[in-house]
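Undergrad: here are the coordinates; sequence isn't available:
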């Protein structure tokens, strides 16, 4: 399968790239600094320089994409708009499917999060909440899948992983932690065999 990964230098983007190559896919890894994509070279890996805020470079990078997966995040001191720009570029590329990463407790998943979680996110993510919600809506409107993950760790891939629709997400005071490896695996499962098109999916470790 032909996969294109946005934000490939980030922790989740690198994990998506690594696992996608392990699964035998052809991967185009997109980043502003592609030389920092810290995965072994492979004849199935193409590193591409592009910035989602630069319409020309990102359009060129996504041309002919099969399935797009996003590991994009908002870096410290970075102005909001990156996620919305990335989502719009992915949708406008005409890809077969878009699998997007977002945060549990934001947007439509806020109602499944506890009041304390909602309060903390609305305080600490206040400046970026609009960007996150708009990006989610853009991908969902296209028929893509949006993964809302809890706080992520650098732990191992869990063999007990599962993915549930938003209305089946466990209600907790705080969202359960989940490893990036498990989130990446869940996103790749969805890329290979879509089950949640047009909906929010929740990756779980048990």
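TA: Structure received. Since this is a predicted model, take the numbers as computed values, not measurements.
Undergrad: use CA for all of it now, contacts and neighbours both
TA: Noted.
Undergrad: so which residues of the protein form strands?
TA: With DSSP state E as the definition, the chain shows strands at residue ranges 2-6, 26-31, 45-49, 67-70, 97-103, 145-149, 152-153, 162-165, 178-179, 200-204.
Undergrad: any chance of those strands in TSV, with distance to residue 58 too?
TA: Conversion of the strands of the chain to TSV gives the following (distance: least, C-alpha to C-alpha, whole Å):
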stretch	distance to residue 58
strand 2-6	10
strand 26-31	9
strand 45-49	8
strand 67-70	12
strand 97-103	15
strand 145-149	20
strand 152-153	27
strand 162-165	30
strand 178-179	29
strand 200-204	25
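Undergrad: okay, now residue 159: neighbour count?
TA: Counted by other C-alpha atoms under 10 Å, the residues lying close to residue 159 total 10.
Undergrad: grab the nearest non-local neighbour of residue 192.
TA: Distance criterion C-alpha to C-alpha, 6 or more residues apart in numbering; nearest residue to residue 192, sequence neighbours excluded, is residue 1 at 7.9 Å.
Undergrad: which residues touch that neighbour?
TA: Contacts here follow C-alpha atoms under 8 Å, 6 or more residues apart in numbering; on that basis residue 1 touches 24, 25, 26, 66, 192.
Undergrad: and residue 99, by the same measure?
TA: Applying C-alpha under 8 Å, 6+ apart, we find residue 99 in contact with 67, 68, 69, 70, 144, 145, 146, 147, 187, 190, 191.
Undergrad: any idea how far residue 125 is from it?
TA: The span separating residue 99 from residue 125 equals 22 Å under the rule C-alpha to C-alpha, to the nearest Å.
Undergrad: any buried residues in stretch 50-69, and which?
TA: Residues of stretch 50-69 classed as buried under the neighbour-count rule (16 or more other C-alpha atoms under 10 Å) are 50, 51, 52, 58, 59, 61, 62, 65, 66, 67, 68, 69.
Undergrad: look up how far residue 66 lies from the fifth one.
TA: In other words, residue 59. The gap separating residue 59 from residue 66 is 14 Å, by C-alpha to C-alpha.
Undergrad: what's the weakest-modelled helix or strand in the protein?
TA: Lowest by mean pLDDT, DSSP states H and E among the helices and strands of the chain is helix 115-124, with a mean of 69.
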